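Visitor: Based on what follows, work out the 3D shape:
(one chain, ligands or ions: 1)
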Amino acid sequence: MNNHSSAKEAVAVSLQGVSKVYYPSKEVQIKAADQASLEVPAGQSVALMGPSGSGKSTLLHLIGLIDQADAGRITVGETCLQDLRGNAVADYRASIGIVFQQFYLINTLTLLENVAAPLVGRRPKREHRQLALSALEQVGLAERADSYPTQLSGGQQQRVAIARALVNEPKLLLADEPTGNLDSETSQQIMDLLLDLHQKLGLTMIIATHDDQVASRLDRIVRVKDGRIQ
Ligand SMILES: Nc1ncnc2c1ncn2[C@@H]1O[C@H](COP(=O)(O)OP(=O)(O)OP(=O)(O)O)[C@@H](O)[C@H]1O
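Guide: Numbers count the residues shown, from 1 in each chain. Prediction:
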C-alpha cells in the first residue's frame, strides 16, 4: 500500500465504565468486563496483560464490536460504538483490523483470496487483486499469493492474517494473542512485523498477550484483572 495512513490519521480509543456480563448457565454470571476505563491516544501501542480469564479478549471483542457492552461507553475516533446501527456497524468493523491467535484463514481459498475477502462489497472488484497483493507485500508474502494456507508455516499463516487485517487500511489494529500459537523465534518475527507496521502506518494498536517479551516492546502495558483495568 503506497498511500499509507499517517500517524495523524490514527484514532484514539476511549473506554468509560465498560461492563459485560456473560451467563454461561442460569445460576452463573461472569463479569467479564467490570467498569473498565481506558484512554488510548491515537497512534499508541498498548499491551493488555492479565491472567487467563481476566477479560482481555472480552475487551478486544467489545472494542472490535464482535460483542456489545452492557454498560458504559466506547469511543473510537469520533465514533461512539453504542450509537451504531445497521450498515454503520459493518462500516465500523471494516475500518478496524483484527488479528486472532488462531489465524482463521479459509483453507480452500488462496492467500490472495483470503486477504481480499474483507474488500468484497467495499471496493470495486477490479481493485481487489492489487490491494491484496500490496497487503501481502507488506508482510513479505506477495510471491506466495497463489498458495493455499495449508502450504504455509504457522508464522506465515499469521502474516497472511495480518495482511487481511490491513487490506482495508485500518486506523486501529486489535490483536488477541497474535503470537500465542507460535514458537518463540517466530513470535519475535511476528512482533517485529507488527511493530514495523505500527511505526510505518501510524496505527493505534492494542494487543492482548500473556507474553512479557511481547508486552515490553509496546509503548504501554495495561493490566487487566477480574474484568477491571488496573
Ligand atoms: N461468550 C462467553 N460466554 C460465557 N462466558 C464467557 C464468554 N466469553 C468470555 N467468557 C468468560 O469471561 C471471562 C473473561 O474471558 P476472556 O476470554 O475475556 O479472558 P482472557 O483474559 O482473554 O483469557 P485468556 O487469556 O485465557 O484468553 C472468563 O471467565 C470467560 O470464561
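
Visitor: Which helix in this structure has the most residues?
Guide: helix 184-201 (DSSP state H).

Visitor: Buried residues of that helix, list them for me.
Guide: Neighbour counts using 16 or more other CB atoms under 10 Å place 186, 187, 188, 189, 190, 191, 193, 194, 197, 198, 201 of helix 184-201 among the buried residues. Where C-beta positions appear, they are placed from N, C-alpha and C, glycine not excepted.

Visitor: where's whichever helix or strand comes after that helix relative to the chain centroid, distance-wise?
Guide: Sequence order places strand 204-208 as the next helix or strand after helix 184-201, per DSSP states H and E. Mean C-alpha position of strand 204-208 versus that of the full chain (CA atoms, centre = their mean, to the nearest Å) differs by 7 Å.

Visitor: Could you do stretch 203-220 as well?
Guide: 12 Å.

Visitor: now swap in stretch 158-166 and tell me
Guide: Counting by CA atoms, centre = their mean, stretch 158-166 comes out at 10 Å from the chain centroid.

Visitor: what's the answer for stretch 106-126, then?
Guide: 18 Å.

Visitor: Repeat that for stretch 223-230.
Guide: 19 Å.

Visitor: That one - what's its average pLDDT?
Guide: Here stretch 223-230 scores 95 as its mean pLDDT.

Visitor: What lies in contact with the longest helix of the chain?
Guide: The set of residues external to helix 184-201 that reach it, using CB atoms under 8 Å, 6 or more residues apart in numbering, is 4-5, 45, 138-140, 153-155, 158-159, 162, 166, 173, 175, 178-179, 182, 203, 205, 207, 211, 213-214, 217-218.
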